[in-house]
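# have a look at this prediction, sequence included:
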Amino acid sequence: MSFNNFLSAAVVGALLPLAAQAQQFQAGAGVFDGNGYGSSYSGAGGFTPLFNQALGQVVDGGNGAFDAFGFYNAGVGSLGQQRQVELLAGNVFRFFDTFTNTGSSTVSTTLNFFGNLGSDGDELVSHVSAGLVVSCEDDGFGACGSDPVLALVSGNNGLGQAAITPDRYNVRFEVSLAPGQSLSLLNYAFLASEVNGPTAADLGLALATGQQLQASPWLQGLSRQQIDGIANFNLSPVPEPSTWAMALLGMGLLGWKLRRRG
């Protein structure tokens, strides 16, 4: 069994006993690959011609979470860009981007990771800290509406400067690359919602999962070379598959306890 298959099986096995209580919805495979939408994209960054759609962007994501999320809309310029975007187990979207200076002089630029959220201007932000934003669609009464609660993770070492306005998410990365030099940036989006819509417990679930992704980013499926090039996380040793399976089990238990408490 492959590493990723083992992890998926472990996660599913851990979460099955909680399915009846937690009833989390399943995120949709809305990753744009240049021709259609699936669960992953691997290839060059940039945009397709004619319709100017971003390669690797997530559209919808499930229950209207995104209009078009997870691409670089500024600062790339002459840099080469390679993307690996995928929907992982547990409603986690991972965006892994490598930028390379292919020119003959140093390039200093501000790369901007962008997302158009599905809230249509009614964003309710419940948590903002260095590298982590938790928000949802405002139902007009100060509670989460029909869209999932989002935990948006941009790093743990301060390189990414995140901001969220009504329905726009932006993360600025100021970087400088010498000729031939590469660096990689890692971003996550976690979606939390019961099948009938988000509850107050999903805010706690999103916050806890976002903090877990910051402390121990989900790196399975990335090569050693890819991991070594990540610039926006200070990384501890790569966790074993069972570590993330147990973490997701813990998140499920937390969500269940919060619902019981409510």
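Received the coordinates, thanks.
# CA only for contacts and neighbour counts going forward, please
OK.
# report the secondary structure state of D202.
helix (DSSP: H, G, I helix; E, B strand; the rest coil).
# wait, it sits on S193?
Yes: judged on C-alpha atoms under 8 Å, D202 makes contact with S193 at a distance of 5.9 Å.
# shared neighbours of those two, anything?
Contact with both D202 and S193 is made by residues V149, according to C-alpha atoms under 8 Å, 6 or more residues apart in numbering.
# so where do the helices sit in this structure?
In the chain, the helices defined using DSSP state H lie at 3-15, 19-22, 200-215, 224-228, 241-261.
# avg pLDDT for the longest one?
In this model, helix 241-261 carries a mean pLDDT of 55.
# cool, stretch 74-85 as well?
pLDDT averaged over stretch 74-85 gives 98.
# pull out the buried positions in that stretch.
Within stretch 74-85, the residues that count as buried by 16 or more other C-alpha atoms under 10 Å are G75, V76, L79, G80, Q81, Q82, R83, Q84, V85.
# now do the contacts for the last one.
Spelled out, that is V85. Counting by C-alpha under 8 Å, 6+ apart, V85 touches V31, S40, Y41, S42, G56, F93, R94, F95, F96.
# OK, contacts around the third one?
The reference is to Y41. V31, F32, D33, L55, G56, R83, Q84, V85, E86.
# likewise L235?
S216, P217.
# check the gap between it and G229 for me.
Separation of L235 from G229 (C-alpha to C-alpha, to the nearest Å) stands at 11 Å.
# same question, Q214
Distance from Q214 to G229, by C-alpha to C-alpha: 17 Å.
# so the two - more neighbours on which side?
Taking neighbours as other C-alpha atoms under 10 Å, Q214 and G229 compare with Q214 leading, 24 against 15.
# which phi and psi values does the spatially closest residue to the more buried one that is not a sequence neighbour adopt?
The spatially closest residue to Q214, leaving aside those adjacent along the chain, is N156, at 5.7 Å (C-alpha to C-alpha, 6 or more residues apart in numbering). Note on N156: its backbone torsions stand at phi -140, psi 10 [degrees, to the nearest 10].
# and the pLDDT at N156?
At N156, pLDDT is 98.
# for Q211, see how far away it is.
N156 is 10 Å from Q211, by C-alpha to C-alpha.
# the two: who's more crowded?
More neighbours surround N156 than the other of N156 and Q211, with 22 against 19 (other C-alpha under 10 Å).
# I figured the more buried one was touching G131, is that so?
Yes: using C-alpha under 8 Å, N156 is in contact with G131, at 5.7 Å.
# now the common contact residues for those two.
Q214.
# about what we covered before: okay, and which of the contacts of Y41 map to strands?
V31, F32, R83, Q84, V85, E86 (DSSP state E).
# could you measure from V125 over to S223?
Separation of V125 from S223 (C-alpha to C-alpha): 34 Å.
# when the two are compared, which one has more neighbours?
Per other C-alpha under 10 Å, whichever of V125 and S223 has more neighbours is V125, with 18 against 9.
# in contact with the more buried one, which residues?
Here V125 is in contact with V133, V134, S135, C136 (C-alpha under 8 Å, 6+ apart).
# kindly reformat these as a markdown table containing distance to G142, neighbour count and pLDDT.
Shown next, in a markdown table, are these (distance: C-alpha to C-alpha, whole Å; neighbours: other C-alpha atoms under 10 Å; pLDDT from 0 to 100):
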| residue | distance to G142 | neighbour count | pLDDT |
| --- | --- | --- | --- |
| V133 | 17 | 24 | 98 |
| V134 | 15 | 24 | 97 |
| S135 | 12 | 23 | 96 |
| C136 | 10 | 29 | 95 |
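# output the residues you listed as CSV; include the columns distance to T110.
Conversion of the contacts of V125 to CSV gives the following (distance: C-alpha to C-alpha, whole Å):
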residue, distance to T110
V133, 20
V134, 24
S135, 25
C136, 27
